[in-house]
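J.: okay, structure incoming, though there's no sequence with it:
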């Protein structure tokens, strides 16, 4: 059973340098899907030599669109302590930096104080009747199996918060791992579209992802669905932000993220 990291092909080019190719199966009209870019940056840092715990956080700034063709991923260790490691990673194409990331890894330890105050949305299971299957009309959209609750029949544009809750998994029987969590953390319909009901594209400007799930909780998902819950806080001036939570079917909070994005009406 392949994991998503297995699908990201990176070859060592030199010390702290990896060579690859833009996977156009994860593209949209403007270039590579930002979630794929985040996953590549994370995998490059995870492949570096040395012992480190699972990822704790990933911050990505998107500076240039990635098109078809070769890419290079450079990595740089910033600090390695007993429990924490801090890395930088950048994707370049044709001499331009396309995305920059800061990645933190942390060894986990047992603790008597553990809790989750966030609450998982009480959605029917993904196999329940009445859920609506959807995916964006892009190549990367074909890779995702999304199942959402239908809108209320009396829904009118602007009446309800720009919130979306849906089950999601990779369409090709790909097992969950941290790079796949990173990719799915960037997938959610544009918040202005959820508010107005009008189709539109959006592009992520910057994104922070926090990985909460333990390696055991992430592996337990297997090829199944996870629940994505996204809500907007403000949309103005051609930009919007949102907060997102990713849950396992058993109620484990696997990851949270925040991002700011631009959109085209």
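T.: Thanks, I have it. Because the structure is predicted, anything quoted here is derived from the model rather than measured.

J.: strands of the stretch 151-265 of the chain, start to end?
T.: 163-170, 201-211, 226-236, 239-247, 253-264 (DSSP state E, counting those that start in this stretch).

J.: give the helix, strand or coil label for residue 128.
T.: At residue 128 the chain is in coil, as set by DSSP: H, G, I helix; E, B strand; the rest coil.

J.: that older thread, now render the strands of the stretch 151-265 of the chain as JSON lines, adding mean neighbour count.
T.: For glycine as for every other residue, the C-beta is placed from the backbone atoms N, C-alpha and C. Converted to JSON lines, those look like this (neighbours: other Cβ atoms under 10 Å):
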{"stretch": "strand 163-170", "mean neighbour count": "20"}
{"stretch": "strand 201-211", "mean neighbour count": "19"}
{"stretch": "strand 226-236", "mean neighbour count": "18"}
{"stretch": "strand 239-247", "mean neighbour count": "21"}
{"stretch": "strand 253-264", "mean neighbour count": "19"}
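
J.: which one of the ones you listed lies closest to residue 57?
T.: For the strands of the stretch 151-265 of the chain, the distance to residue 57 is smallest for strand 201-211, at 5.3 Å, taking Cβ to Cβ.

J.: neighbouring contacts of that closest one?
T.: Strand 201-211 is contacted by residues 28-30, 34, 38, 54-62, 178, 181-182, 185-186, 190, 192-193, 239-240, 254-264 when judged by Cβ atoms under 8 Å, 6 or more residues apart in numbering.

J.: mind checking the longest helix of this protein?
T.: Counting by DSSP state H, the longest helix found in the chain is helix 34-47.

J.: helix or strand right after it?
T.: strand 55-62 (DSSP states H and E).

J.: by contact count, what packs against that following strand?
T.: Counting by 3 or more Cβ pairs under 8 Å, 6 or more residues apart in numbering; DSSP states H and E, the packing neighbours recorded for strand 55-62 are helix 34-47, strand 96-106, strand 201-211.

J.: tell me the mean pLDDT for the longest one?
T.: Averaging the model's pLDDT scores along helix 34-47 yields 97.

J.: buried stuff in the worst-scoring helix or strand of the chain on mean pLDDT?
T.: The weakest-scoring helix or strand in the chain, judged by mean pLDDT, DSSP states H and E, is helix 191-196 (a mean of 89). Using 16 or more other Cβ atoms under 10 Å as the test for burial, helix 191-196 gives 191-195.

J.: contact partners for the spatially closest residue to residue 94 that is not a sequence neighbour?
T.: Once flanking residues are discounted, residue 94 sits nearest to residue 69: 7.5 Å by Cβ to Cβ, 6 or more residues apart in numbering. Residues near residue 69 by Cβ under 8 Å, 6+ apart: 21-22, 93-94.

J.: ok, the nearest residue to residue 177 once chain neighbours are set aside - how many residues close by?
T.: Leaving aside its chain neighbours, residue 177 sits nearest to residue 3 (4.1 Å; criterion: Cβ to Cβ, 6+ apart). By other Cβ atoms under 10 Å, the residues close to residue 3 number 19.
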